[in-house]
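1. give me the fold of what follows.
(one chain, ligands or ions: 1)
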Amino acid sequence: MNMKDKVINKLKLFVTTDCNMSCKYCMIKNTNEYMTFDLAIKWINYFILNTKNDWNKKFIYFFGWEPFKNFNLIKKIINYINLQKLKFPLEYVICTNLTILNNEYIFFLKNNNIKLSISLWGYWKYHTSHRIFKTNSNVNSLNITLKNIKLLKKGGIQTYKLWIGFVILKDFLDMLFTNFIYIVEVLSLCHLNFEIIIDKKEWSMDDYNNFKNEYNKIIRYIICCISKKKYIYLNNLNWTILFLLYDISKNDKLSYLAELYPNWNIMFSWFNTYLSTEEIKKTIVWNLNKDSFIDVNYSDKYAPDFNSLENFKPGVWYRFIKDFMNVLDLEIAKIIIKRSKEELYFKEYIDNVKKYYF
Ligand code: SF4
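-> Numbers count the residues shown, from 1 in each chain. Next up is the predicted model:
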């Protein structure tokens with residue numbers, strides 16, 4: 001495989017495998033490694049700055065465990081890119097639990113037009129019961145995240161730059177719509193991305209049906225809101241709209257998304273836990289220390305420790321969940337596109353989707 005021929009439009013940099021929290025459902029191992037500047041830049045030069053671009057813009061996502069634990073690296077990377085002559089717009093997103101923040105960070109975020117994807121469950125009892133600090137399990141983690149959202153807004157970060165990674169876990173499936181309403185109505189945060197957590201508890205058919213009902217309510221609510229000029233942006237739905245409008249293939253995921261870990265491994269990605277073990281092995285395609293993509297050994301160093309979990313079937317339901325969402329998203333995306341040809345608010349919604357993503 002010649003990666004130079006691949007078009008990488010989205011790059012995930014796992015800048016650290018350290019985190020300040022110890023969430024109940026988290027299955028990743030804290031190996032406390034920090035990505036180096038040299039590694040990040042080698043990768044960014046190779047795959048982002050010097051490759052072709054078939055979309056309007058490219059994205060760099062700063063992931064971690066908790067990326068703000070390595071904010072100095074993020075700063076160095078962005079300062080480096082700012083000195084380059086880019087041939088296309090580049091957008092930055094930091095995916096965070098938003099419990100580590102200060103004024104210096106806010107200033108930098110604002111000046112560099114950085115978006116945040118903030119992991120949130122919804123109401124206090126759902127968020128705080130599962131999201132726990134390593135050092136003090138009694139601290140109300142939702143209060144801290146909400147206080148930091150306020151600080152960001154006060155510091156001049158516009159609301160559309162604050163995306164919510166809306167967590168979906170088996171435990172609270174029947175409260176999905178209620179939590180969604182809390183985020184969009186009470187917190188007035190209208191940009192969401194679904195984070196489906198494949199945890200150690202197996203889903204039953206009832207869970208799956210609960211999820212379908214709740215997702216259905218959410219998606220219908222979004223449509224209803226558009227007709228009232230209240231716009232809620234849901235990542236998967238909005239990408240489906242764009243895929244339809246621009247005829248982008250959704251299938252060749254290797255062509256546009258890559259991940260880099262502090263140990264120099266590149267993979268595409270173990271978050272795809274619905275893949276078989278053999279398929280997951282293939283997702284690590286290269287180690288940047290080596291010269292070619294051939295003969296790469298699979299390492300499960302960062303993968304969830306599935307073996308230690310009782311009765312855990314990794315991702316059994318994931319494929320069904322995604323399939324259901326894809327089918328419904330497609331149906332709804334077609335409706336929104338059709339109505340945008342006749343109704344002003346739907347047209348405005350689509351124009352905004354293009355603006356935010358492309
Ligand atoms: S914040 Fe994320 S990485 Fe950290 S413990 Fe929670 S789920 Fe895991």
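2. can you list the residues of the chain near the ligand?
-> Contact residues (Cβ under 6 Å from any ligand atom) of the chain with the ligand: 19, 21-23, 26, 28, 65-66, 97. Any C-beta I mention is one placed from the backbone N, CA and C, and that applies to glycine too.
3. minimum pLDDT in the residues you listed, which residue is that?
-> Among those, I28 has the lowest pLDDT, at 75.
4. can you tell me the SS state at that residue?
-> coil (DSSP: H, G, I helix; E, B strand; the rest coil).
5. does it touch F63 like I think?
-> No: counting by Cβ atoms under 8 Å, I28 does not reach F63; the two are 10.7 Å apart.
6. these two - which one has more neighbours?
-> Using other Cβ atoms under 10 Å as the criterion, I28 and F63 rank with F63 on top: 21 against 16.
7. pipe the residues of the chain next to the ligand into CSV and attach secondary structure per row.
-> Formatted as CSV, these follow (three-state DSSP):
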residue, secondary structure
C19, coil
M21, strand
S22, coil
C23, coil
C26, coil
I28, coil
W65, coil
E66, coil
N97, coil
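8. quick check: the farthest pair among these?
-> Of all pairs drawn from the residues of the chain next to the ligand, the greatest distance, 12.9 Å, lies between I28 and N97 (Cβ to Cβ).
9. show me the helices in this structure, by range?
-> Along the chain, the segments classed as helices by DSSP state H run 37-43, 71-82, 103-111, 124-130, 141-154, 176-181, 205-226, 235-246, 277-283, 318-340, 344-357.
10. K170: which of these is closest?
-> For K170, the closest of the helices of the chain is helix 205-226, at 5.6 Å, according to Cβ to Cβ.
11. just checking, what packs against that closest one?
-> Contacts defined by 3 or more Cβ pairs under 8 Å, 6 or more residues apart in numbering; DSSP states H and E place helix 205-226 against helix 176-181, strand 233-234, helix 318-340, helix 344-357.
12. for the shortest one, give me every contacting residue.
-> The reference is to strand 233-234. The contact list for strand 233-234, computed with Cβ atoms under 8 Å, 6 or more residues apart in numbering, reads 190-194, 218-219, 222, 352-353, 356.
13. now, of these, which are buried?
-> 190-194, 218-219, 222, 353, 356 (16 or more other Cβ atoms under 10 Å).
14. quick one: low-confidence parts of the chain?
-> 1-8, 51-56, 198-200, 248-257, 264-316 (pLDDT under 70).
15. coming back round to it: closest to T36 out of the contacts of strand 233-234?
-> Nearest member of the contacts of strand 233-234 to T36, counting by Cβ to Cβ, is N193, at 28.4 Å.
16. that closest one and I168 touch, don't they?
-> No: with contact defined as Cβ under 8 Å, N193 does not count as touching I168 (10.7 Å).
17. circling back to that earlier point, output the helices of the chain as JSON lines; include the columns distance to K12.
-> Listed next are the helices of the chain as JSON lines, based on distance: least, Cβ to Cβ, whole Å:
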{"stretch": "helix 37-43", "distance to K12": "11"}
{"stretch": "helix 71-82", "distance to K12": "13"}
{"stretch": "helix 103-111", "distance to K12": "18"}
{"stretch": "helix 124-130", "distance to K12": "23"}
{"stretch": "helix 141-154", "distance to K12": "22"}
{"stretch": "helix 176-181", "distance to K12": "25"}
{"stretch": "helix 205-226", "distance to K12": "25"}
{"stretch": "helix 235-246", "distance to K12": "15"}
{"stretch": "helix 277-283", "distance to K12": "12"}
{"stretch": "helix 318-340", "distance to K12": "18"}
{"stretch": "helix 344-357", "distance to K12": "17"}
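18. what's the closest of these to F59?
-> Nearest of the helices of the chain to F59, taken as Cβ to Cβ: helix 344-357 at 9.2 Å.
19. hmm, back to that, please identify the most buried of the helices and strands packed on helix 205-226.
-> strand 233-234 (a mean of 20; mean count of other Cβ atoms under 10 Å).
20. ok, now which ones touch the closest residue in space to L242 that isn't next to it in sequence?
-> Counting by Cβ to Cβ, 6 or more residues apart in numbering, Y357 is the residue found nearest to L242 once chain neighbours are left out, at 5.9 Å. The contact partners of Y357, by Cβ under 8 Å, 6+ apart, come to 238-239, 242.
21. most neighbours out of these, which is it?
-> Ranking these using other Cβ under 10 Å puts N238 first, with 25 neighbours.
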